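Participant: for reference, the sequence and a predicted model appear below.
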Amino acid sequence: MAISWGMRAAVLLAVSFVLLIVKFRKLGSRAKDLPPGPPTIPILGNLHTLLHSPNVHLQFEKWAKEYGPIYSVILGTKTLIVLNHRKVVKDLLDHKSNQYSSRPDMYIGQDLISGGYRLVFMKYDDEWRLARKMIHNLLNAKQAVNYVPYQELELKQMLNDMIDRPSRFHDHVRRYSTSLVTTFVFGWRSPSFSDPAVKQIYDGFEEFAVASQVSASLLDYYPILQKLPDWMFPAKTAAKKLHKEEIALYKQYIHRVRDRIQRGVSPPNFCSEMMFPMQEKHGFTDDWASYVSGTLLEAGSDTTASIFVAFIVAMVNFPRVQKKAQEELDRVVGPKRLPNMDDDLPYIRCIVKETLRFLPSSILGIVPHATSTDDVYQGYHIPKNTGVMLNVWTLNNDPEKYPEPREFRPERYTNDNLRAGEAANAVDVEQRDHFTFGAGRRVCPGLNVAERSLYLGMAQMLWALNFEHKLDDNGRPIPVDINAVTQGIVARPAPFECKITVRDEEKKRLAKTAWADCVTMLEKLPDGIRSTQYANSGGFKK
């Protein structure tokens, strides 16, 4: 008997429906050859747990205790491999860096907000290597020494601002880190945090961080949702609007550099000496150039500022450390001058390392790595294009490596004389001081500059200032939570109040005189400074 077209259509529809059910039954489940991980539920996998977790880093730490040095998390259609032990990090991100240096697809963060240009989200390809080469030439260990004069100048303003307006310490550290980066990337200072351009950088980054969190990433976990019209997913509209604002700001910066070059008033900077010549050679667009220089600015600004705030949290809560550091400063530096980079301050170096470990700005490794090829590790299959997360909070709080990790103990690093870059590249993983700067080929390119900023900034603050709990109306100390951090691309200590006072009037006078001398020098150099000009002015003694 012949089968009618209607019956055939019905059979095809039934078969398609069954296949669809089978496909969706597997969605959200963990493949048998993946590393172990928390139980999944259909469709969502483990996404529901993260969506309901106010502190995602603590959830990842909890799973690390349950599932060990390497585990997997299923996020809708995607798999995330989580690295929780220093040896696993060394084996994969360092020893197999050619396979583990790409990035996952990021539709909201990269495609919509960043136009495909944001350096931190770029795939491991020729464009990323070109950008990384330029930035390495700007920030490598040899070049970083040249920025010490700028760091000393900006830190003198920061110290002066903290003395005058201590309650606004958060703004002061942000202004410092922003001005330092605008100086060597674009060739001009950022003397005030109230400058609209400076505030736009931070306001834009705040929006970007929110837009890149788990809820917005649903479009990455379920790519089919990307086809929905914008009105059905407001995050898409917000992302496109943010991109227009960002690229307008970043283009404004490079156009300003070109104008200053034409007028002959541009000091040496990254754009004029590296970016523009490379653009002429390789022919990349102004959009690409704008985002590489602009996101270099936002990355360098927010991370260093966050670590300075973390340092203040530690000093308020661990007065023993503050006292010991001030004793070292009084002994080595004395009362008649500010600390400088030539001062040998071993305990301050330990405080820098411990601050970076204790409250990292990258609690979940900033952005996951991704595999470029299939791999097998410890018998587990790690497929191509799989996200791989450096679980920084868990790594930095490993009690095996750091006994009583929530105690702030700079003494952990007493015999550690390696710089951050040396520790990151050490053959022996036990020499790694912390993982805040990342690992492998995606390690933070600015770690050499950041380490010097932190060393000199913490030394000067402790030389001149005391940090204490603020008292409430009943005279009781207002707590400052050592574990409360914001969530997002860059983590910061949650907002808090504290009491900042000068140690004595003579240190106050010296600090304010040092900045007044800089102001006089800057008034003679309205178009910016060169390192040699600042050195010759007496502002920097090598």
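Facilitator: Done, it's in.

Participant: quick one: pLDDT of the closest residue in space to Lys87 that isn't next to it in sequence?
Facilitator: Once flanking residues are discounted, Lys87 sits nearest to Val429: 5.8 Å by C-beta to C-beta, 6 or more residues apart in numbering. Where you see a C-beta, it was placed from the backbone N, CA and C, and this is true even at glycine. At Val429, the model reports a pLDDT of 95.

Participant: these two touch, right, Lys123 and Ser101?
Facilitator: No. Contact criterion C-beta atoms under 8 Å: Lys123 and Ser101 do not qualify, at 9.3 Å.

Participant: on that earlier part again, residues contacting the residue nearest to Lys87?
Facilitator: Taking C-beta atoms under 8 Å, 6 or more residues apart in numbering, we find Val429 in contact with Arg86, Lys87, Val89, Lys90.

Participant: ok, which pair from those is furthest apart?
Facilitator: Greatest spacing in these, by C-beta to C-beta: Lys87 and Val89 (7.2 Å).

Participant: the more surrounded of the two?
Facilitator: Per other C-beta atoms under 10 Å, whichever of Lys87 and Val89 has more neighbours is Val89, with 27 against 12.

Participant: ok, the more buried one to Leu47 distance?
Facilitator: Going from Val89 to Leu47 by C-beta to C-beta, to the nearest Å gives 25 Å.

Participant: what does Pro38 give?
Facilitator: Distance from Pro38 to Leu47, by C-beta to C-beta: 11 Å.

Participant: do Thr303 as well
Facilitator: Here Thr303 is placed at a distance of 28 Å from Leu47 (C-beta to C-beta).

Participant: cool, and Ile254?
Facilitator: 39 Å.

Participant: can I take it that Pro445 is in a strand?
Facilitator: No. Going by DSSP: H, G, I helix; E, B strand; the rest coil, the assignment for Pro445 is coil, not a strand.

Participant: burial of it, as a residue count?
Facilitator: Number of residues near Pro445 (other C-beta under 10 Å) recorded here: 24.

Participant: and Thr183, by the same measure?
Facilitator: Count around Thr183 with other C-beta under 10 Å applied: 24.

Participant: where does this protein dip in pLDDT?
Facilitator: Scanning the chain for pLDDT under 70 picks out 1-25, 197, 204-216, 525-542.

Participant: strands along this structure, start to end?
Facilitator: With DSSP state E as the criterion, the chain has strands at 70-75, 78-83, 369-370, 375-377, 380-382, 387-390, 465-468, 499-502.

Participant: just the buried positions in stretch 322-336, please.
Facilitator: Gln322, Lys324, Ala325, Gln326, Glu328, Leu329, Val332, Val333 (16 or more other C-beta atoms under 10 Å).

Participant: who has more neighbours, Pro38 and Leu47?
Facilitator: Under the neighbour definition other C-beta under 10 Å, Pro38 and Leu47 were set side by side, and Leu47 has more, 23 against 17.

Participant: list the contacts for that one?
Facilitator: Counting by C-beta under 8 Å, 6+ apart, Leu47 has contacts Gly28, Ile74, Leu75, Gly76, Val214, Tyr221.

Participant: can you put the residues you listed in JSON lines and add distance to Pro234?
Facilitator: Below are these laid out as JSON lines (distance: C-beta to C-beta, whole Å):
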{"residue": "Gly28", "distance to Pro234": "25"}
{"residue": "Ile74", "distance to Pro234": "26"}
{"residue": "Leu75", "distance to Pro234": "21"}
{"residue": "Gly76", "distance to Pro234": "19"}
{"residue": "Val214", "distance to Pro234": "16"}
{"residue": "Tyr221", "distance to Pro234": "17"}
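
Participant: hmm, Leu155 is touching Leu454, no?
Facilitator: No. Contact criterion C-beta under 8 Å: Leu155 and Leu454 do not qualify, at 10.5 Å.

Participant: helices along the stretch 351-500 of the chain, start to end?
Facilitator: In the stretch 351-500 of the chain, helices defined by DSSP state H, counting those that start in this stretch lie at 392-396, 420-425, 447-464, listed in chain order.

Participant: so which of those is nearest Asn269?
Facilitator: The nearest among these, by C-beta to C-beta, is helix 447-464 at 14.2 Å.
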